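Asks: Structure for this input, please:
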Amino acid sequence: MDNIYLGRQPILDRRSAVVAYELLFRSSQHQDAADIADHTAATAEVIVNSFCELGLQAVLGEQRGYINVNPAILACDVINLLPKNQVVLELDQSAAQDEAVVRRCNELKQQGFRIALEGVYELSATVANALAVADVVKVDLTRIEPAALDKLAGALRSLPCLKLASKVETLEKAEQCMKLGFDLFQGYYFARPEILAGKRADTSKLALLKLLSLVTSDAEMHALEEEFKHHPKLSYNLMRMVNSAATGLTRKIASLRQGIVILGQQAIARWIQLLLYTTAARDSAEANPLLLLVATRAKTMEAIALHIHPNYRDYADRAFMVGLMSLLDTLLHMEMPEIIAQLNVPDDVKSALLTRSGPLGLLLRLMEEKEKNSVDEVARLLAQMPALSLTDLINYELKAVSWANSINTPAAA
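Replies: Residues are numbered from 1 along each chain as shown. Just a heads-up that it's a prediction; the model follows:
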C-alpha cells in the first residue's frame, strides 16, 4: 500500500472563521510547498485523494474546497464528477485570458460550479475580461506593492465577486487587507497548509485497464458489475463518488449496479482513466502519451473492423480490446504472456497479442507499421485487406485521434 498525502490550507472570512480549504498537491508528510513538474498529474492526484481515497467528509466536512485546475483539466469531463456545491475551480489569471478557457468557465458556471481567479496583482485589459467569469478573485500579495494594493482593492470593490487576500504572511498585511474590505483571507499568517495522510490500497494498472476495456467496449452491465466485484477498493470508491454531492441525488445508493447505472459508463471510463493516469504517472513521465497512443490504436482498429465486417459488432469489440491491450507490456513492465495469463480473453485476441496472427493480428500489425510510417509494409498489409483503402485507414485514424484526446486526461503542455 502506498502512502498518500494532501495539503489543506484554510481560507477564513472577516470573523476569522474557516469557510473553505485550498486543496494542494503534496508528495510527502513534510512539505510547505510542492515542486510540480506536471500540473495535470498533480490535479488528478488531488482529485483522486480528496474524493476517493480520503473521502469528501474527512477532507472538507461542510466547507468548500478550492482545487487548482489548468486548461487541460478544465476541458476534461472528469470535472463533472466533482460536487458542484462544494468545489471551487481555481484558475491562474494568465490561463484565464484565453477566450476558449473563458467560454469553458462560463459553461461550468452555468452548470453550478464556482470559479476563482488566482494570481491577480494588476488590472490589465486581459485580466479585466477574465474577471467577468470569476466568483472569487485571489489577489497575490507577494506580487504587489502596498500602494498598488490600495488602488487594486478600490478597483475590485465594485465587482460582484468575493475578494480573497492570498499569501498573507504578516499581521501588517492582514490588517491592511481587512481595512481595504477584503472578504476572505489565506496565508501563513493565519495557518500553514496541514498535511492529511492516508494509505492507498494497491490498485493494479492491469485491473484498471481491464475495467476500462469493458467500459469503453460497452460491455453488458452484469460483466461490468462482476469485474468491479473483484476489486472491493474500486467498488468502494465508486460508491463513495456516486453518493457524493456530484450526482445531486436526494437518496443514497446502496447497490453497485445502481451506482454504475447512475454514474454512467462514460463517467466511469473517465474516472478509471484518471485513476490509471495517477497510478502510471508515479512510475513514468511517459505514461500519458502512451495511453493516448493505445487509445488511438484501439479506436482505429475498432473502426477498421466495422468497415470490413459492418454487421459483426462482437468482432469490432475484440479488435478494440486487442488495440487497448497491445501496449500493456510497455505500460506495466511485464511480458505479454504473463499479462495474458492473468486475463480471460478470447483465443483470437490471445493469438493477435502473442504472435500477431489471425485477422486481429493483421489489424494490429497494420497499426504498428502505420505508426512507424513504414509505407511499403503498410501497402503490403493493405493488399491483404481489399475492402480497406489507405484513405479509409487515414480517415479512421484521424477520427480516432480526436476521440482519444476527448477521453484521455491530457498531460500539461
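
Asks: so where is the stretch 1-150 of the chain shaky, pLDDT-wise?
Replies: The stretch 1-150 of the chain contains residues with pLDDT under 70 at 1-2, 27-39, 41, 49, 51-55, 77.

Asks: the helices in it, which residues?
Replies: 39-48, 56-60, 71-75, 99-110, 125-131, 146-156 (DSSP state H, counting those that start in this stretch).

Asks: Now for the nearest residue to Met336 once chain neighbours are set aside, how many residues are close by?
Replies: In this structure, Met336 finds its nearest non-sequential neighbour in Asp329, 4.6 Å apart by C-beta to C-beta, 6 or more residues apart in numbering. C-beta coordinates here come from the backbone N, C-alpha and C atoms, glycine included. By other C-beta atoms under 10 Å, 16 other residues sit near Asp329.

Asks: residue ranges of the strands in this protein, please?
Replies: 2-13, 18-25, 64-68, 87-92, 114-120, 136-140, 162-166, 184-185, 194-200 (DSSP state E).

Asks: Next, the buried residues of the first one.
Replies: Read it as strand 2-13. Of the residues in strand 2-13, Ile4, Tyr5, Leu6, Gly7, Arg8, Gln9, Pro10, Ile11, Leu12 count as buried by neighbour count, 16 or more other C-beta atoms under 10 Å.

Asks: nearest to Leu234, of those residues?
Replies: Ile4 (15.5 Å; C-beta to C-beta).

Asks: Surely the closest one and Ala197 touch.
Replies: Yes: using C-beta atoms under 8 Å, Ile4 is in contact with Ala197, at 7.0 Å.

Asks: Go ahead and confirm the residue nearest to Met336 touches Ile340.
Replies: No: if you go by C-beta under 8 Å, Asp329 and Ile340 don't touch, sitting 9.8 Å apart.

Asks: Distance to Val102 for the buried residues of strand 2-13 - can I get that in a markdown table?
Replies: Output for those, formatted as a markdown table (distance: C-beta to C-beta, whole Å):
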| residue | distance to Val102 |
| --- | --- |
| Ile4 | 34 |
| Tyr5 | 33 |
| Leu6 | 29 |
| Gly7 | 28 |
| Arg8 | 29 |
| Gln9 | 27 |
| Pro10 | 29 |
| Ile11 | 24 |
| Leu12 | 29 |
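
Asks: Hmm, Leu327 and Leu209 touching each other?
Replies: No: the pair Leu209 and Leu327 does not pass the contact test of C-beta under 8 Å, sitting 9.7 Å apart.

Asks: So between those two, which is more surrounded?
Replies: When Leu209 and Leu327 are compared for neighbours, Leu209 comes out ahead with 24 against 18, by other C-beta under 10 Å.

Asks: sorry, back to before: among the buried residues of strand 2-13, which one sits closest to Asp317?
Replies: For the buried residues of strand 2-13, the nearest to Asp317 is Ile4 (35.0 Å; C-beta to C-beta).

Asks: ok, the closest one to Met325 distance?
Replies: Counting by C-beta to C-beta, to the nearest Å, the gap between Ile4 and Met325 amounts to 28 Å.

Asks: likewise Tyr5?
Replies: Distance, Tyr5 to Met325, by C-beta to C-beta: 33 Å.

Asks: and what of Leu381?
Replies: Leu381 sits 20 Å away from Met325, going by C-beta to C-beta.

Asks: Who has more neighbours out of these two?
Replies: Set Leu381 next to Met325 and count neighbours by other C-beta under 10 Å: Met325 wins out with 26 against 20.

Asks: can you pull the contacts of the more buried one?
Replies: Contact partners of Met325, counting by C-beta atoms under 8 Å, 6 or more residues apart in numbering, are Leu209, Ser213, Ile339, Leu343, Val345, Val349, Leu353.

Asks: Show me what the spatially closest residue to Leu184 that is not a sequence neighbour bridges to in the sheet.
Replies: Counting by C-beta to C-beta, 6+ apart, Leu164 is the residue found nearest to Leu184 once chain neighbours are left out, at 4.0 Å. Going by DSSP bridges, Leu164 is paired in beta bridges with Lys138, Leu184.

Asks: what's the burial count for Leu164?
Replies: 26.

Asks: try Leu390
Replies: Neighbour number of Leu390 under other C-beta under 10 Å is 12.

Asks: What distance do you get for the nearest residue in space to it that is not next to it in sequence to Tyr312?
Replies: Take Leu390 and drop its neighbours on the chain: the residue closest to it by C-beta to C-beta, 6+ apart is Leu382, 6.1 Å away. With distances taken as C-beta to C-beta, Leu382 is found 20 Å from Tyr312.

Asks: Tell me which of those two has more neighbours.
Replies: Neighbours per residue (other C-beta under 10 Å) separate Leu382 from Tyr312, with Leu382 holding more: 17 against 13.

Asks: give me the number of residues near the residue nearest to Val59 when sequence neighbours are not counted?
Replies: What sits nearest to Val59 in space, not counting adjacent residues and going by C-beta to C-beta, 6+ apart, is Ser50, at 4.9 Å. Other residues near Ser50 number 23, with proximity taken as other C-beta under 10 Å.

Asks: do Pro146 as well
Replies: When neighbours are counted by other C-beta under 10 Å, Pro146 comes out with 10.

Asks: Then Asp218?
Replies: 11.

Asks: Enumerate every residue touching it.
Replies: By C-beta under 8 Å, 6+ apart, the residues touching Asp218 are Gln265, Asp317.

Asks: now do Gln110
Replies: By C-beta under 8 Å, 6+ apart, the contact list for Gln110 is empty.

Asks: Over to Phe185?
Replies: Taking C-beta under 8 Å, 6+ apart, one finds Ile11, Leu12, Asp13, Arg14, Leu164, Ala165, Val168, Ala174, Cys177, Met178 in contact with Phe185.

Asks: Report pLDDT for it.
Replies: For Phe185, the model assigns a pLDDT of 95.

Asks: How about the one 4 residues further on?
Replies: Per-residue pLDDT puts Tyr189 at 90.

Asks: and if you look at the one 3 residues further on?
Replies: We have a pLDDT of 84 for Arg192.

Asks: cool, and Ala305?
Replies: On the pLDDT scale, Ala305 is placed at 95.

Asks: Surely it touches Tyr315?
Replies: Yes: at 5.3 Å, Ala305 counts as touching Tyr315 under the criterion of C-beta under 8 Å.
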